[in-house]
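K.L.:
Pasted the sequence and its predicted model underneath.
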Amino acid sequence: MDFTTFLQQFLNGLSIGSIYAIFALGYTLVFSVLGMVNFAHGAVFTLGAYFTYMLVGGKFGFNGLLANTALPFNLPFAIALILGSLLAGLAAVIVEFLAFRPLRRQGSDPLLTLVSSLGMAVVIVNLIQYLVGAEIYTFPSNIYGNLPTAVNFGSSDRPIAIRTVQIIIFAVATVIVSLLTYIITCTKLGKALQAVAEDATTAKLLGINTERVIILIFFLSGFLAGVAGTLVGSSAGLTPYFGIAIGLKGLGVIVLGGLGNIPGSVVGGLVIGLAEAFVPADYSGFKDAIAFGFLFMMLLFRPQGLLGRVFIQKV
């Protein structure tokens, strides 16, 4: 592999890994506070992409309750992305209210909450299919305005191409990670989140409204899922089930990076994205197997994840 090909694949891997990182951050936020995996996260990812698709003026086909319905939206992509992600955040709050809160207040086993969130994922996916059908929808071709499809640099005989959507993914991922890091490490809200994650009972005794913190965590989680879903959907198309595969990938990312570790989710996402990007073309159909094989091998030597901590249980 020459340097040009290496650099092209490296940039592709960073783009894919950035998506995985944004998505996995939502998983991590919920797990760090509740110690539970939200299996509905992938469905919210899909829902956020559909929200944005509707807001930019996307049209639905012949199947589903909303078939051939003229939607009164035609917003710029940036505004639609923010609004669609906010709606995805609200959807995640509803998931918390229906699937997590009743069981959490009863002190149920975390496994029951996992199954409950999985049930919510199935409900959301089937609701999407009922409303808009199972067709593949693509975003309008002009959502990026007059921006070129790709930017070429390097030598003229073998240029390296960066697609516009990849540049947008890089920029959005950088902004999100920076803001989230600032919020958690430098604000009172972030300190409250850390306190609840450390010990919810003690945090409540100290005057922190733990229920409000949990709602905010789910909202942020859903917002991140909506952003990631829109960025993927704008380049790959939408189906009700397209969030399932990345949902499994997101679980792999948080395990690789270290459960509940925010920097670890970013590093884990980039590692898996780069591992997939460098799979030879002849074996492209085995990208998932190779990526998860790499994950398996890593965890054999470091089961706590790349940036996770080793916990010693005292007896």
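P.N.:
All right, it came through fine.

K.L.:
Which strands and helices lie in contact with the helix or strand of the chain at the bottom of the mean pLDDT ranking?
P.N.:
Ranked by mean pLDDT, DSSP states H and E, the helix or strand of the chain with the weakest confidence is strand 150-153, at a mean of 73. Packed against strand 150-153 by the contact rule (3 or more Cβ pairs under 8 Å, 6 or more residues apart in numbering; DSSP states H and E) you find strand 160-163, helix 164-186. C-beta: built from backbone N, CA, C; applies to glycine.

K.L.:
Least confident of these, on average?
P.N.:
Confidence, taken as mean pLDDT, is least for strand 160-163 of these (a mean of 77).

K.L.:
contacts for it?
P.N.:
Identification of contacts with strand 160-163 by Cβ atoms under 8 Å, 6 or more residues apart in numbering yields 4, 7-8, 11, 15, 149-154, 235.

K.L.:
Now do the buried residues in the helix or strand hosting residue 212.
P.N.:
According to DSSP states H and E, residue 212 maps onto helix 210-236. Neighbour counts over helix 210-236 (16 or more other Cβ atoms under 10 Å) mark 213-235 as buried.

K.L.:
before we move on, the earlier item: please list only the buried members of the contacts of strand 160-163.
P.N.:
The buried subset of the contacts of strand 160-163 - by 16+ other Cβ under 10 Å - is 8, 11, 15, 235.

K.L.:
which SS class is the second one?
P.N.:
Right, the one you point to is residue 11. For residue 11, the assignment made with DSSP: H, G, I helix; E, B strand; the rest coil gives helix.

K.L.:
From the chain's centroid, how far away is stretch 246-261?
P.N.:
From the chain centre to the centre of stretch 246-261 is a distance of 10 Å (Cα atoms, centre = their mean, to the nearest Å).

K.L.:
what would the contacts of strand 160-163 look like in JSON lines with distance to residue 293?
P.N.:
Output for the contacts of strand 160-163, formatted as JSON lines (distance: Cβ to Cβ, whole Å):
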{"residue": "4", "distance to residue 293": "27"}
{"residue": "7", "distance to residue 293": "25"}
{"residue": "8", "distance to residue 293": "24"}
{"residue": "11", "distance to residue 293": "23"}
{"residue": "15", "distance to residue 293": "22"}
{"residue": "149", "distance to residue 293": "34"}
{"residue": "150", "distance to residue 293": "31"}
{"residue": "151", "distance to residue 293": "34"}
{"residue": "152", "distance to residue 293": "34"}
{"residue": "153", "distance to residue 293": "33"}
{"residue": "154", "distance to residue 293": "32"}
{"residue": "235", "distance to residue 293": "26"}
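
K.L.:
got any ranges where the stretch 1-150 of the chain has weak pLDDT?
P.N.:
The stretch 1-150 of the chain contains residues with pLDDT under 70 at 1-2, 62, 69-70, 145, 148.

K.L.:
which residue packs closest to residue 143, ignoring adjacent ones?
P.N.:
Nearest-residue entry for residue 143: residue 77, 4.2 Å, with adjacent residues in sequence omitted and distances by Cβ to Cβ, 6 or more residues apart in numbering.

K.L.:
Relative to residue 173, how far out is the one you found?
P.N.:
With the distance defined as Cβ to Cβ, to the nearest Å, residue 77 ends up 17 Å from residue 173.

K.L.:
who has more neighbours, those two?
P.N.:
Just comparing residue 77 and residue 173: by other Cβ atoms under 10 Å the higher neighbour count belongs to residue 173, 25 against 20.

K.L.:
From residue 95, how far off is that one?
P.N.:
24 Å.

K.L.:
What of residue 276?
P.N.:
28 Å.

K.L.:
Give me the more crowded residue out of the two.
P.N.:
In terms of neighbours (other Cβ under 10 Å), residue 95 is the more surrounded of residue 276 and residue 95; the figures are 28 against 21.

K.L.:
just how off-centre is the helix or strand where residue 85 lies within its chain?
P.N.:
Here residue 85 sits within helix 77-95, counting by DSSP H and E. The chain centre lies 13 Å from the centre of helix 77-95; the measure is Cα atoms, centre = their mean.
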